[in-house]
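In: need coordinates for the following:
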Amino acid sequence: MAECFSNKIADDVEEYRAALQRYSPGNSRRSACLYNLANSLQARFGQRGALSDLDEAIELHRGALHLRPLGHPHRSLSLNNLAVSLTDRFKQRGVLSDLDEVIELERAALLLRPPGNSNRSASLNNLAISLRARFEQRGVLSDLDEAIELHRAALLLRPLGHPHRSLSLNNLAVSLTDRFNQRGVLSDLDEVIELHRAALLLCPPGHSHRSVSLNNLAISLRARFEQRGVLSDLDDATELHRAALLLRPPGHSDRSMSLNNLAVSLTARFEQRGVLSDLDDAIELHRAALLLHPPDHSDRSVSLNNLAIGLRARFEQRGVLSDLDEAFKLYSQLSHLSHAASHTDLSAAKAWVASAEKLKHGSALIAYQTALKILDQHVVLLSSSSRHFNVIRAATSSLATDAFSCSVRHGLLTNAVELVEQGRAVFWTQLARFRTPLDELSLSGDTGATLAEEFKRLSFYLRHAFDQSNEDQSPQIRQLAMQWDNIVSRILMLPDFSRFLLPPLFPALQKAAEEGPVIIVNASQYGCDTLIILSAQDPVHVPLDITQAEVSKLSSKFQSLAEQFGSSDHEYDLVSILRKLWDHIVDPVVQALAESKIPPGSRIWWCPTAEFTLLPLHAAGPYEKKKDNLSHIYISSYTPTLATLIRARQQVSLDASPQHFVAIGQANPDKGKELRCVAPELAVVEKHVAPVASFTSLADSGATIQGALDILSRNQWLHLACHGMPNRQQAFQSSFAMRDGPLMIKDIIRSDWQNPEFAFLSACHTTVGDEKSPDESIHLAAAMQFSGFRSVIGSMWSVDDKVVHQMVSAFYANLVDGSGRLDCTRAAVALHKAVKTLRRNKVPLEQQIVFVHIGV
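Out: Take a look at the predicted model:
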């Protein structure tokens, strides 16, 4: 029968095509032919899913509409049909301009269906549905408010007895529920409940939609219980869910949902009344739901988690160990999920982590490993957009730092390094994957070469699509991300590429310490520790005598102090903080370095996590006469992750051609006060650099956003003097202030610079990132580093113009040696020596230590 129907549609398409050929433009029957062919193509799209049919249908509907001007009896029909086709295309491609056009077409159709028109209620309903769809995309509440009023108007035109009344009741209830979720106005929720009650009356026993109505009313009653705590609402919700479940027998597509909903209500009632039979029933319902979610089902992790939570709750009530054992056996199945990772899988794995930590269960470390593996897979499938950063921020939270702590407590130090590396800077890590060198893959044979080319092509599109303001592209970008992930899966199946893009293991991470030790300083709710990574031996564990709460308090105190730098003398308070850092964190590390035979004067790299990222570890010291501060003993650099440092070391340029250096200065930005020392600063840079490199200066009117990006594509060395504008709430909008506006992190990410070497960011706050997720390192200096700059100098707080001039002069005097070439690996030593010069010149302490070195 389906084949016959399909053949009929195909015949209709050819018949209407032929008819269209017969009626040339100007023929009165042409609009009807366009209309019929469009409808046939749309039907064929529904059958076969070929988007080309839908695109053609849309153009034919446009043609028919053009031939049906205002006053034509069928104009409203053409407006409606074009809107339907565009809605279908929006559902396929997610292009918001299609949805915008749908709304305008439906507004026009509504105007042609005034009060009294038999189709007015349908037009009101259609426009309301489209406005709600746009609200779901853009979150503009006025769209939702208008949708609600239109649904109200449609409902008035569908009195008792109207065949579509229950549909209108439900549509209005759904939109009001959305508004309640946005604004929390309880009167909206009360109205939702009354609408669902009315809809249920229209679905008596035997009605095909009765189970849906029972379910909708139950969910809204439970939502009101959560707001007001009235137990009768919860009791009613529970009984309605029971009734819905009876109408969804084994084999019904919604049975698992009903099992879960009833179980959730019973669990909530158990938490209120403590009746264990409710909990027992909930557990059996969750068991039944789990049976309907086999290992490859996308909801399996939700069912595993729900059942495990119920069993754990019963263990806490009755103390029966078999319940606890079963709960953790269920959690262990999360290690073997066979579907694409989702946020619900990650939530379940994090619930496992929390349970294992709380009960000190032996599966804690496997729980962390599973959660971080799922996190990595989940991030791969997100399109690379700052709009997804909130998802990543919520997903990561303290997962990596707690995993590090768990591994250290188990004495598994190399595991600790692998896990903390895997779960930090995940956004940058994913972007870095798009730049992965492919030489070995390209030379591995025809298959490898083909996959390398496809990987390169998709990576290019994904990186350049990063955070484009045209959000209409997001479905296409999601599709590209899925194709990219598929290519990676195929590469992983090749011989010798079984770890392609997988999180690196310790022997690979240890290469970060080839030029000097890397010190991971970790803050976790379960304890604070450091691990010193050395090039030729196992990590050295240094426990710290400080809690995360104390680190957080110290960090907050320092941030408050840093905001006041420059306004008055704060040296006493600053020294007090630097002494605490020395006593509790840095001195124990220095002692361990000495015991590991790391000689004074060596370079060391700090890799802080969590709240430690906001503290000036490089400046710690006793600040007493005849006692050495850290800067007297070692030369400090920072790195966000070990992999970042390794990548920077691998990007060595063997090109012996002239080095190209650009100094960009913007003293009069679009917004912000004038910087009077920019011109003299650029002159100082030129004086030191011009004799050894091809030097270009870009300043004032030339220092625009595009001007800066263009000139950076031709230069490998950068000195940038301007205002730095951190944005701690929307970190991707942190920027450098140019003449015509902000040069943002997202602009830097999309850039494709060739072999960049070094950047001196002579601007304020260039290492200040997102306040809620310091482990993601979303700041200007990190953006430069992840865009390829091997060595970066940035600032931790506000810099003083006059002091910067001294710093820059001393830095470049030390950077340029007698070799006749610039070497970015000398930047840390040059900064170290420049700080000594400032110290001798009695510059205020906070300005001596404001700049830090990141990278090689």
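In: lowest-scoring secondary structure element of this protein by mean pLDDT?
Out: Ranked by mean pLDDT, DSSP states H and E, the weakest helix or strand in the chain is helix 2-22, scoring a mean of 62.
In: chain neighbours aside, what residue packs nearest to residue 604?
Out: The shortest distance from residue 604 to any non-neighbouring residue, by Cβ to Cβ, 6 or more residues apart in numbering, is to residue 634 (4.7 Å). The C-beta positions use only the backbone N, C-alpha and C, and glycine is treated the same way.
In: oops, could you answer that again for residue 60 instead?
Out: In space, residue 60 is closest to residue 38, 3.7 Å off (Cβ to Cβ, 6+ apart).
In: count the neighbours of the one you found for me.
Out: 26 (other Cβ atoms under 10 Å).
In: measure it to residue 277 for me?
Out: 60 Å (Cβ to Cβ, to the nearest Å).
In: ok, residue 726 next?
Out: 56 Å.
In: between the two, which is the more surrounded one?
Out: A direct count of neighbours by other Cβ under 10 Å for residue 726 and residue 277 places residue 726 higher, at 21 against 9.
In: make sure the more buried one is actually in contact with residue 767.
Out: No. Here residue 726 lies out of contact with residue 767, judged by Cβ atoms under 8 Å, at a distance of 9.1 Å.
In: can you pull the residues that touch both of these two?
Out: 779-780 (Cβ atoms under 8 Å, 6 or more residues apart in numbering).
In: where do the helices sit along the stretch 451-600 of the chain?
Out: Taking DSSP state H, counting those that start in this stretch, the helices of the stretch 451-600 of the chain run over residues 474-492, 506-509, 548-562, 571-581, 587-595.
In: nearest to residue 239, of those?
Out: Closest of the helices of the stretch 451-600 of the chain to residue 239 is helix 474-492, at 40.9 Å (criterion: Cβ to Cβ).
In: distance of residue 664 from residue 745?
Out: Shown here: residue 664 relative to residue 745, a distance of 16 Å by Cβ to Cβ.
In: no, scratch that, I was asking about residue 96
Out: 24 Å.
In: the more surrounded of these two?
Out: Each of residue 96 and residue 745 has its neighbours counted (other Cβ under 10 Å); residue 745 has more, 26 against 19.
In: excluding chain neighbours, what is closest to the more buried one?
Out: Closest residue in space to residue 745, ignoring its immediate chain neighbours: residue 783 at 4.5 Å, by Cβ to Cβ, 6+ apart.
In: confirm that the one you found sits in a helix.
Out: Yes. According to DSSP: H, G, I helix; E, B strand; the rest coil, residue 783 belongs to a helix.
In: contacting residues for it?
Out: Residue 783 makes contact with 745, 748-749 under the criterion Cβ under 8 Å, 6+ apart.
In: 10 Å instead, please
Out: By Cβ atoms under 10 Å, 6 or more residues apart in numbering, the contact set of residue 783 is 428, 431, 731-732, 734, 744-749, 751, 766, 769, 777, 789, 792.
In: returning to what we had before: out of the helices of the stretch 451-600 of the chain, which comes closest to residue 608?
Out: Here helix 548-562 is closest among the helices of the stretch 451-600 of the chain (Cβ to Cβ), at 9.9 Å.
In: what are the buried residues along the closest one?
Out: By 16 or more other Cβ atoms under 10 Å, the buried positions in helix 548-562 come out as 548, 550-551, 554-555, 558-559, 561-562.
In: any chance of those residues in JSON lines, with pLDDT and distance to residue 121 too?
Out: Formatted as JSON lines, the buried residues of helix 548-562 follow (pLDDT from 0 to 100; distance: Cβ to Cβ, whole Å):
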{"residue": "548", "pLDDT": "96", "distance to residue 121": "59"}
{"residue": "550", "pLDDT": "97", "distance to residue 121": "64"}
{"residue": "551", "pLDDT": "96", "distance to residue 121": "62"}
{"residue": "554", "pLDDT": "95", "distance to residue 121": "64"}
{"residue": "555", "pLDDT": "93", "distance to residue 121": "60"}
{"residue": "558", "pLDDT": "93", "distance to residue 121": "63"}
{"residue": "559", "pLDDT": "90", "distance to residue 121": "58"}
{"residue": "561", "pLDDT": "92", "distance to residue 121": "64"}
{"residue": "562", "pLDDT": "88", "distance to residue 121": "62"}
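In: wait, which of those is closest to residue 245?
Out: residue 548 (45.3 Å).
In: state the number of residues packed around residue 702.
Out: Residue 702 has 15 neighbours, counted by other Cβ under 10 Å.
In: just checking, it touches residue 666?
Out: Yes. If you go by Cβ atoms under 10 Å, residue 702 and residue 666 touch, sitting 9.3 Å apart.
In: name the helix or strand for the spatially closest residue to residue 526 that is not a sequence neighbour, please.
Out: Among residues not flanking residue 526 along the chain, residue 405 sits closest, at 4.4 Å (Cβ to Cβ, 6+ apart). Using DSSP states H and E, residue 405 sits within helix 399-409.
In: could you pull out the strands for this protein?
Out: Assigned by DSSP state E, the chain shows strands spanning 518-524, 527-533, 540-543, 603-608, 635-638, 660-665, 694-699, 717-721, 724-725, 735-738, 741-744, 758-762, 791-795, 851-855.
In: I'd like those written out as a markdown table, with mean pLDDT added.
Out: Formatted as a markdown table, those follow (pLDDT from 0 to 100):
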| stretch | mean pLDDT |
| --- | --- |
| strand 518-524 | 97 |
| strand 527-533 | 98 |
| strand 540-543 | 98 |
| strand 603-608 | 97 |
| strand 635-638 | 97 |
| strand 660-665 | 95 |
| strand 694-699 | 94 |
| strand 717-721 | 95 |
| strand 724-725 | 88 |
| strand 735-738 | 92 |
| strand 741-744 | 91 |
| strand 758-762 | 96 |
| strand 791-795 | 95 |
| strand 851-855 | 96 |
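In: now those strands in JSON lines, with mean neighbour count and distance to residue 259?
Out: Shown next, in JSON lines, are these (neighbours: other Cβ atoms under 10 Å; distance: least, Cβ to Cβ, whole Å):
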{"stretch": "strand 518-524", "mean neighbour count": "26", "distance to residue 259": "38"}
{"stretch": "strand 527-533", "mean neighbour count": "23", "distance to residue 259": "41"}
{"stretch": "strand 540-543", "mean neighbour count": "15", "distance to residue 259": "48"}
{"stretch": "strand 603-608", "mean neighbour count": "24", "distance to residue 259": "47"}
{"stretch": "strand 635-638", "mean neighbour count": "24", "distance to residue 259": "52"}
{"stretch": "strand 660-665", "mean neighbour count": "23", "distance to residue 259": "63"}
{"stretch": "strand 694-699", "mean neighbour count": "18", "distance to residue 259": "66"}
{"stretch": "strand 717-721", "mean neighbour count": "25", "distance to residue 259": "60"}
{"stretch": "strand 724-725", "mean neighbour count": "23", "distance to residue 259": "53"}
{"stretch": "strand 735-738", "mean neighbour count": "23", "distance to residue 259": "51"}
{"stretch": "strand 741-744", "mean neighbour count": "20", "distance to residue 259": "48"}
{"stretch": "strand 758-762", "mean neighbour count": "27", "distance to residue 259": "57"}
{"stretch": "strand 791-795", "mean neighbour count": "26", "distance to residue 259": "54"}
{"stretch": "strand 851-855", "mean neighbour count": "27", "distance to residue 259": "53"}
